[in-house]
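> A predicted structure for the sequence below; I have some questions about it.
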Amino acid sequence: MLIEAVAHAEGVSISPRKEVAHDRRLVSIPIVGCEIMHLEYLAYHKDRRDVPLITTYIEGWQSKDF
């Protein structure tokens, strides 16, 4: 979703190179000289919380020590 927005000139994104390297519409440059913490997020529509796949993922995530 976000990569498509960037590809349509709607902004910029910090993304793993593997997500943009194959897309000829995009240019990626390395970020150097700083420490970056990369977090992954599961995005879902607020009304879809009870979908089994989403519920299973959230329950699995909540059972880990973060």
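Great, that's in hand.
> quick check: longest helix of this protein.
helix 52-62 (DSSP state H).
> run through who's touching it.
Here helix 52-62 makes contact (C-beta atoms under 8 Å, 6 or more residues apart in numbering) with L42, Y44, R48, R49. Any C-beta I mention is one placed from the backbone N, CA and C, and that applies to glycine too.
> show me the shaky parts of the chain.
64-66 (pLDDT under 70).
> for it, just list every one of the helices.
Under DSSP H, the chain gives helices at 2-7, 17-20, 52-62.
> just name the most buried of the ones you listed.
By mean neighbour count, with neighbours taken as mean count of other C-beta atoms under 10 Å, helix 2-7 ranks first of those at a mean of 14.
> report the distance from that helix to the chain centre.
Centroid separation for helix 2-7 versus its chain: 11 Å, with C-alpha atoms, centre = their mean, to the nearest Å.
> start at 32, not 1
Shifting the count to begin at 32 puts that one at helix 33-38.
> may I have that helix as CSV, with CA atoms only?
Extracted C-alpha coordinates of helix 33-38, given in CSV (Å, rounded to 0.1, in the frame of the first residue of the first chain):
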residue,chain,number,x,y,z
LEU,A,33,2.6,2.5,1.1
ILE,A,34,5.0,1.6,-1.8
GLU,A,35,2.1,2.2,-4.3
ALA,A,36,1.5,5.6,-2.8
VAL,A,37,5.2,6.5,-3.2
ALA,A,38,5.2,5.1,-6.8
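> in the chain, what residue sits furthest out from the centroid?
What lies farthest from the middle of the chain is G64; by C-alpha atoms, centre = their mean that is 22.4 Å.
> how much space separates it from K49?
If you measure G64 against K49 using C-beta to C-beta, to the nearest Å, the figure is 22 Å.
> ditto for Y75
In terms of C-beta to C-beta, Y75 sits 23 Å off from K49.
> can you put the contacts of helix 83-93 in a markdown table and add distance to L57 and neighbour count?
A markdown table is the format used below for these (distance: C-beta to C-beta, whole Å; neighbours: other C-beta atoms under 10 Å):
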| residue | distance to L57 | neighbour count |
| --- | --- | --- |
| L73 | 23 | 9 |
| Y75 | 25 | 13 |
| R79 | 29 | 10 |
| R80 | 32 | 10 |
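> no more questions from me, cheers.
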